[in-house]
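Undergrad: Sequence and predicted structure below; questions after.
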Amino acid sequence: MDELVELYQEMILDHSKAPRNFGRLDPHTHHAEGYNPLCGDQCDITLTLRDGVIDEVKFTGAGCAISTASASLMTEAVKGKPIENADVLFAKIHHLLTTDDPPADDLGKLQVFAGVRNFPMRVKCATLAWHTLRSALRGANDVVTTE
């Protein structure tokens, strides 16, 4: 089990140091900003929807390793998927981070965040990008906050 924890830690550090899909997408069809006032994490999501599918998605921002890794892994997970899949993943990630239930079998790399639930103050770091994505997909213009 220690090897698995170490692998998860390495993946989080890798995605934090070299985030995938980092940058701003222009032009884009949807946009949202997110902020975690507790620790100062910021997340800006731009994406392009085409026929109900997330064609492209990118993020910018500044935050802790968990926040950045979560945004990076999230963009990989939702890119090329229908909007409905993003909503389902949001619910599964929220469940993963807020319950003691075992992770869903189909979370793939996103299972790396299972240990975050042991650190309640970090749950908001891990969910910031997800809340921001959800806001972007719904066309909300307010800044998303984790408070």
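TA: Looks like it arrived, so ask away. Keep in mind that what you see is a predicted model, and the values were worked out from it rather than measured.

Undergrad: what about the helices in this protein?
TA: With DSSP state H, the ranges of helices along the chain come out as 2-17, 65-78, 83-98, 120-138.

Undergrad: Tabulate the ones you listed in TSV, adding columns for distance to Asp106.
TA: All C-beta atoms are positioned from the backbone trio N, CA, C, and that covers glycine. Shown next, in TSV, are the helices of the chain (distance: least, CB to CB, whole Å):
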stretch	distance to Asp106
helix 2-17	17
helix 65-78	11
helix 83-98	8
helix 120-138	16
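
Undergrad: Out of those, which is closest to Asp44?
TA: helix 120-138 (7.6 Å; CB to CB).

Undergrad: returning to that earlier point: most tightly surrounded among the helices of the chain?
TA: helix 65-78 (a mean of 25; mean count of other CB atoms under 10 Å).

Undergrad: I'd like to know which elements that one is packed against.
TA: Counting contacts by 3 or more CB pairs under 8 Å, 6 or more residues apart in numbering; DSSP states H and E, helix 65-78 is packed against helix 2-17, strand 41-50, strand 53-62, helix 83-98, helix 120-138.

Undergrad: quick one, that helix and helix 83-98 angle?
TA: 150 degrees (axes from the mean of the first three to the mean of the last three CA atoms, to 10 degrees).

Undergrad: which residues are contacting helix 65-78?
TA: 11-16, 19-22, 36, 39, 41, 43, 45, 54, 57-59, 61, 63, 85-86, 89, 108-110, 112-113, 116, 122, 125-130, 133 (CB atoms under 8 Å, 6 or more residues apart in numbering).

Undergrad: Next, the angle strand 53-62 makes with it.
TA: Going by the same axes, to 10 degrees, helix 65-78 makes 170 degrees with strand 53-62.

Undergrad: So Leu47 sits against Asp26, correct?
TA: No - assessed by CB atoms under 8 Å, Leu47 is found out of contact with Asp26, at 11.4 Å.

Undergrad: Same drill for those two, tell me which one is more crowded.
TA: Using other CB atoms under 10 Å, the more surrounded residue of Leu47 and Asp26 is Leu47, with 24 against 9.

Undergrad: could the helices and strands packed on helix 65-78 be laid out in TSV, adding mean pLDDT?
TA: Formatted as TSV, the helices and strands packed on helix 65-78 follow (pLDDT from 0 to 100):
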stretch	mean pLDDT
helix 2-17	78
strand 41-50	96
strand 53-62	97
helix 83-98	94
helix 120-138	94
